[in-house]
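Peer 1: Requesting a structural model of the entry that follows:
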Amino acid sequence: MIARLIRIRRAMARLWRDCRATVMVEMAFAIPFLVLVGFAGLEIANLTLTKTRISQIGLSAADNASRIAFGSALSQPSIREIDINEVFTGVEEQAKGLNFATNGRIILSSLEQNADDGQWIHWQRCYGTLNVASEYGRQGTGETGTDFAGMGPAGKEVTAATGTAVMFVEIVYDYEPLLYGKALGKQRIRSTAAFNIREGRDLSQVYNPSPSVTVSSCP
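Peer 2: Residues are numbered from 1 along each chain as shown. Prediction:
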């Protein structure tokens, strides 16, 4: 009987000194937290990358639109509906994997001077089915007078000089979280870009010599 008690006391002493179970319990509590933190870091990295991509897409679209110059040495370069559609084709190529056509919209505006030397959105074209409108004015805004200050945030408006035009791009995209959709909800990303046209251009209208070409009008 005494020997059995001694064995039990020794076993209890060994169990008391054994810390392996403590480590397992600590890991059981820590691992879920570490997994959540890791996935949160992945979500933040993906959101940051998407914001960068959207900004770059807007810059490229404005730059490409500023370079459009269809014509010959015998006539002033003009802009056609097919040229604008090709700019939007470039947008879709850059935005592969983002489902931009459904979750985004890009608004391309030609900012010019009107007959009263004021700012005027002469024409505007859109791509993407996201239901958003320009924050700075629709096509025809500022057609007469000088009340329209230009496009962009108040006090920092972009303006067009006489005889030229600014290709102003607004791009909006609804980011869908990878893992934390219910907690974060959709994150709306907005960006703007503007480039002055690179050479003289016929600013009277956007030409459409082919009736088969779809006009990317803004609803």
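Peer 1: looking at this protein, which helix or strand is least sure?
Peer 2: helix 181-184 (a mean of 60; mean pLDDT, DSSP states H and E).
Peer 1: Now the element after that one, going C-ward?
Peer 2: strand 187-196 (DSSP states H and E).
Peer 1: give the contact list for the residue nearest the centre of the chain.
Peer 2: By Cα atoms, centre = their mean, the mean C-alpha position of the chain lies nearest to I54, the distance being 3.1 Å. I54 is in contact with 104, 171, 173, 189, 191, counting by Cβ atoms under 8 Å, 6 or more residues apart in numbering. Where you see a C-beta, it was placed from the backbone N, CA and C, and this is true even at glycine.
Peer 1: What separation is there between the first one and G142?
Peer 2: Right, G104. Distance, G104 to G142, using Cβ to Cβ, to the nearest Å: 26 Å.
Peer 1: And for the third one?
Peer 2: For Y173, the distance to G142 equals 27 Å [Cβ to Cβ].
Peer 1: ok, the two, which is more surrounded?
Peer 2: Y173 (28 against 22; other Cβ atoms under 10 Å).
Peer 1: ok, what's across the strand from the more buried one?
Peer 2: Beta-bridge partners for Y173, by DSSP bridges, are G104, I189.
Peer 1: quick one: low-confidence parts of this structure?
Peer 2: Residues of the chain that meet the criterion pLDDT under 70 lie in 1-40, 72-74, 180-185.
Peer 1: quick one, strands of this structure?
Peer 2: According to DSSP state E, the chain carries its strands in the segments 104-113, 119-127, 166-175, 187-196.
Peer 1: Off-centre distance for the second one?
Peer 2: Spelled out, that is strand 119-127. The chain centroid and the centroid of strand 119-127 are separated by 19 Å under Cα atoms, centre = their mean, to the nearest Å.
Peer 1: got the angle for it vs strand 104-113?
Peer 2: Orientation of strand 119-127 against strand 104-113 (axes from the mean of the first three to the mean of the last three Cα atoms, to 10 degrees) gives an angle of 160 degrees.
Peer 1: What angle do strand 166-175 and strand 119-127 make with each other?
Peer 2: Going by the same axes, to 10 degrees, strand 119-127 is angled at 40 degrees with respect to strand 166-175.
Peer 1: Touching strand 119-127 from outside, list them.
Peer 2: 84, 88, 91-92, 101, 105-114, 134, 137-143, 146, 148-151, 157, 159-160, 165, 203, 205-206, 215-219.
Peer 1: Of those residues, which belong to helices?
Peer 2: 84, 88, 91-92, 101 (DSSP state H).
Peer 1: Reformat those into TSV and put neighbour count and distance to A62 next to each item.
Peer 2: Putting the ones in helices among the contacts of strand 119-127 into TSV (neighbours: other Cβ atoms under 10 Å; distance: Cβ to Cβ, whole Å) gives the following:
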residue	neighbour count	distance to A62
I84	23	12
F88	20	12
V91	23	11
E92	16	16
A101	15	19
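Peer 1: pretty sure T129 is touching I106, no?
Peer 2: No - using Cβ atoms under 8 Å, T129 is not in contact with I106; the gap is 11.4 Å.
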